[in-house]
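A.B. asks: sequence plus predicted model, see below.
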Amino acid sequence: MLAEALTALAGAGGTALVGAMATDVWSGARAGVVHLFRRDDPDRPAAIETQLDNDADTVTTWAEQGRADRVREELALLWTLRLTRLLEQHPEAEGPLRELVDRLRDERPSTSTTWQQTNTARDGSTQFAVQGGNVVYHQGPRPPSTDGGAIHR
């Protein structure tokens, strides 16, 4: 049974790895994980490389469809299990995995966006403002009055 701290490390590793897929830091993340699994079996790196490449392609494809979050969650769980198994068999991999997680956290681009918008409407005008989306507004002529043109207030 793996200690709680190592289980948390495996979870952080799986999340960091999958979070790096389809980003500029992917090649370093990929190389780091392949290096970790090299201690498990000398022939295993080729299989790990193939699995990593397939998973990264899946993330890219789902990202193009706007559904990357779901596949990232599932792949993070899968890689967490793989890293947990690795740590169970090779506890000495803790240090290198911790270093990889820290490096990926520091190198990964920030996903937060700060938006600021100031809108001013005057003199009975109508204002439409949006960030990260769109507004579709259709205005046609006023419908004809049915009461002979009298104005009701």
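C.D. replies: Perfect, thanks for sending it.

A.B. asks: measure Ala68 to Ala22 for me?
C.D. replies: Between Ala68 and Ala22 the distance is 7 Å, computed by Cβ to Cβ, to the nearest Å. To be clear about C-beta, it is placed using only N, CA and C from the backbone, and glycine gets the same treatment.

A.B. asks: who touches both of these two?
C.D. replies: Shared contacts of Ala68 and Ala22, defined by Cβ atoms under 8 Å, 6 or more residues apart in numbering, are found at Val59.

A.B. asks: ends of stretch 127-136, what's the gap?
C.D. replies: 12 Å (Cα to Cα, to the nearest Å).

A.B. asks: can you pull out the helices in this protein?
C.D. replies: Assigned by DSSP state H, the chain shows helices spanning 4-20, 26-38, 44-64, 68-89, 94-107.

A.B. asks: can you put those helices in a markdown table and add mean neighbour count, distance to Gln117 and mean pLDDT?
C.D. replies: A markdown table is the format used below for the helices of the chain (neighbours: other Cβ atoms under 10 Å; distance: least, Cβ to Cβ, whole Å; pLDDT from 0 to 100):
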| stretch | mean neighbour count | distance to Gln117 | mean pLDDT |
| --- | --- | --- | --- |
| helix 4-20 | 20 | 29 | 91 |
| helix 26-38 | 18 | 33 | 92 |
| helix 44-64 | 15 | 27 | 89 |
| helix 68-89 | 17 | 25 | 91 |
| helix 94-107 | 16 | 31 | 92 |
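
A.B. asks: now tabulate the ones you listed in CSV and tack on distance to Gln131.
C.D. replies: Formatted as CSV, the helices of the chain follow (distance: least, Cβ to Cβ, whole Å):
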stretch, distance to Gln131
helix 4-20, 25
helix 26-38, 29
helix 44-64, 21
helix 68-89, 20
helix 94-107, 28
